[in-house]
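sequence below, structure please.
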Amino acid sequence: MGNVQSVERAMAILRCLSNTEAGVSQVAELVDLPKSTVSRLLATLSDLGAVTATETGFRIGPLMTEIAAAADQHDSLTTVAGPYLAGLVDTLGEDAGLSVLDNGDTLYLVQVGASAAVQLRDWTGERIPPHCVSSGLVLLAYASDAERSAALAGPLPQFTARTMTAPAKLRRRLNAIAKRHSEWVYGEFADDINSVASPIVNGDGHAIAALHVHGPSYRFPGDHDPDGIAQAVATAARQLSARLTR
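Got it, this is the predicted structure:
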């Protein structure tokens, strides 16, 4: 309870400073907390970069600006990606999603569901290690050496019998993915889910996100050509990449 209360109080202070600069006494009055508590929390927030001390008080710091910018970027990306995701759903009949690498995880930003009789859960907001999902693998394939090394630092969790966890094998796999621009994953995160993904790249060729399509293993890809499905996803990713770099 104490930790939760501290977080709530810290958030109240950040909201207080979101539109103004204020000293300890003013902040304490606005959030209705003792000056000693506010002073302690401001010191911690300052150490984290969430607030910055000035000659007259405190203001929002670079960490909060960075978080806000990232949120705006993700919101903009999901908005622009919407029609491309919907197009993949219409073409392939399975759920399509958009994801990014975030603090070493695959973070699912949005998912557009298909109208299939058997539907998968919505993974929006979920985090999964990148080595076992198609979107994570294509993002790692285009990542820097430092990002790759950090993501492949073991031990890597094994979710199914098919999960690849050997760093050397994963590095070879990532090199191959970078050449073909897409990757299928068959039951590596969950036995009953298959997926395919392709990267969205910026003007410098760096992957900023990934498009993926996934479905139940019993029907996806089913009787359909896996290469043709991968090509459809890669084409949508290229079109979205071009749209973002205009």
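
CA atoms for contacts and neighbours, from now on please.
Will do.

which residue lies nearest the spatial centre of this protein?
Centroid-nearest residue in the chain: L107, 2.6 Å away (criterion: C-alpha atoms, centre = their mean).

now that residue: closest residue in space that isn't a chain neighbour?
Leaving aside its chain neighbours, L107 sits nearest to R127 (4.7 Å; criterion: C-alpha to C-alpha, 6 or more residues apart in numbering).

and if you look at H212?
By the measure of C-alpha to C-alpha, 6+ apart, the closest residue to H212 outside its immediate chain neighbours is A197, 4.0 Å from it.

give me the three-state assignment for that neighbour.
Under the three-state scheme (DSSP: H, G, I helix; E, B strand; the rest coil), the conformation of A197 reads as strand.

please enumerate the helices of the chain.
Secondary structure of the chain (DSSP state H): helices located at 2-17, 24-31, 35-48, 62-92, 134-141, 145-152, 167-180, 226-244.

can you find the helix or strand in this structure with the smallest mean pLDDT?
Comparing helices and strands within the chain by mean pLDDT, DSSP states H and E singles out helix 62-92 as the least confident, with a mean of 73.

for the helices of the chain, which one sits closest to V201?
helix 226-244 (5.5 Å; C-alpha to C-alpha).

so what pLDDT did G154 get?
Reading off the per-residue confidence, G154 sits at a pLDDT of 75.

start at 38, not 1
That works, and once the first residue is 38, the last one we named lands at G191.

ok, how many other residues are close to it?
By other C-alpha atoms under 10 Å, 11 other residues sit near G191.

S235 versus that one, what's the distance?
Remark: distance between G191 and S235 (C-alpha to C-alpha, to the nearest Å) = 25 Å.

before we move on, back to that, what's the most buried one of the helices of the chain?
Relative to the other members of the helices of the chain, helix 171-178 carries the highest mean neighbour count by mean count of other C-alpha atoms under 10 Å, namely a mean of 30.

that's all I had, so thanks and see you.
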